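> would you be able to build a 3D model of this:
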Amino acid sequence: MSVTIKSIDRLGFPWETQDPFLFCAYHRDEYPAGTEEMSMPKKELEGRRIGQDFILKDGFRMYHGNHIPGFPYHPHRGFETLTINKEGFVDHSDSLGAAGRFGKGDVQWMTAGKGVQHSEMFPMLNQNKPNPLEIFQVWLNLPAKSKLVDPHFTMLWKENITQVLDTDHEGKTSTIDVVAGHYKDANSPTPPPDSWAADPNNDVLILTIKINAGATLNIDRATTKGVNRSLFYYKGDSITIADQTIDFDHKINVDPEVDIEIKNGNEDSYLLLLQGKPINEPIAKHGPFVMNTQEEIQNAFAEYRKTEFGGWPWPQREQVHGKEKGRFALHADGREEVKEA
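Numbering: from 1, shown residues only. Reported below is the predicted structural model:
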């Protein structure tokens, strides 16, 4: 192992991450054409473990959905979710009354804080052609001082996410989307106010990277000492880092204090970079709750049983929005954002 590379591991599900991240779930599903109700045709549901369908069959999974793929309403407390959309659409609804539909290039950032229920459903909008979906959901921890802050829902629209085009000495290119942090001369949109990423001293950096076939990409070392940095190579053939060839479907933990040169092979390669200063606090987690002690976990369950974190204000368990709706975000205060398709 080189001094640049600390470790290389096969990607599982979900992807294992380093502090301050909790994990990353990568979803690639080749959904077929949907029905008028944006749901799965009944014939496609045969032979599946409905409600707990996590096994890839015929190119897709239903997850916890019965009729529409996705994750019907469920609670969270004590951390943040970043849902990065690369293809398809996601419908968000939550117990605060907020809602939204976001698509390719958009990112939803939700601070669960003291508690929120939300759903993430994958509406099958196309009736006459397939409905492919590709998303990441990154779980970013909150420090103890912020675990019980008020929930916060933010949309980072693709129009506001800086895309950096990098050209190597042979004229071959790489494309980097700056979801969080500062990369070269580009800044991400502002993260939620209580996020670990809101403090520049924590040097949180989230990038999605496409390296064209045969291109070389150089990533500068971190500007802060003591951070963790990981690369997740999820699609492509092979890359070379520090004279070591790495096949796709691997996680590479790298030295953040060393510049990284990535030489790509003969196919386009796709990576996710996660970096940040570790929180370095005890972690107690159970299902959708992430706190610092088991007592806090028990308190979270007790409060959820009592309050349901505001209940569920929407008519459906598998809540999706009207087929005519485009990309939009409705906030709990009534403010609405509408974007072009």
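> use CA for all of it now, contacts and neighbours both
OK.
> all strands of the stretch 51-200 of the chain, in order?
Remark: strands assigned in the stretch 51-200 of the chain by DSSP state E, counting those that start in this stretch are 70-76, 79-87, 90-94, 99-102, 107-111, 116-121, 131-141, 152-156, 163-167, 173-180, 182-183, 186-187.
> okay, the ones you listed in a markdown table with mean neighbour count and distance to residue 213 next?
A markdown table is the format used below for the strands of the stretch 51-200 of the chain (neighbours: other CA atoms under 10 Å; distance: least, CA to CA, whole Å):
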| stretch | mean neighbour count | distance to residue 213 |
| --- | --- | --- |
| strand 70-76 | 21 | 33 |
| strand 79-87 | 23 | 19 |
| strand 90-94 | 25 | 30 |
| strand 99-102 | 26 | 29 |
| strand 107-111 | 24 | 26 |
| strand 116-121 | 24 | 34 |
| strand 131-141 | 21 | 21 |
| strand 152-156 | 20 | 29 |
| strand 163-167 | 15 | 12 |
| strand 173-180 | 22 | 9 |
| strand 182-183 | 20 | 22 |
| strand 186-187 | 15 | 24 |
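> for these, give me CSV that also has distance to residue 62 and mean pLDDT.
Below are the strands of the stretch 51-200 of the chain laid out as CSV (distance: least, CA to CA, whole Å; pLDDT from 0 to 100):
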stretch, distance to residue 62, mean pLDDT
strand 70-76, 6, 98
strand 79-87, 17, 98
strand 90-94, 14, 98
strand 99-102, 19, 98
strand 107-111, 21, 97
strand 116-121, 10, 98
strand 131-141, 12, 98
strand 152-156, 25, 95
strand 163-167, 32, 97
strand 173-180, 27, 98
strand 182-183, 36, 96
strand 186-187, 36, 96
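> which of those sits closest to residue 16?
strand 131-141 (10.5 Å; CA to CA).
> now do that closest one against strand 90-94, angle only.
50 degrees (axes from the mean of the first three to the mean of the last three CA atoms, to 10 degrees).
> show me what strand 131-141 is packed up against.
The helices and strands touching strand 131-141, judged by 3 or more CA pairs under 8 Å, 6 or more residues apart in numbering; DSSP states H and E, are strand 21-31, strand 79-87.
> nothing else from me, thank you.
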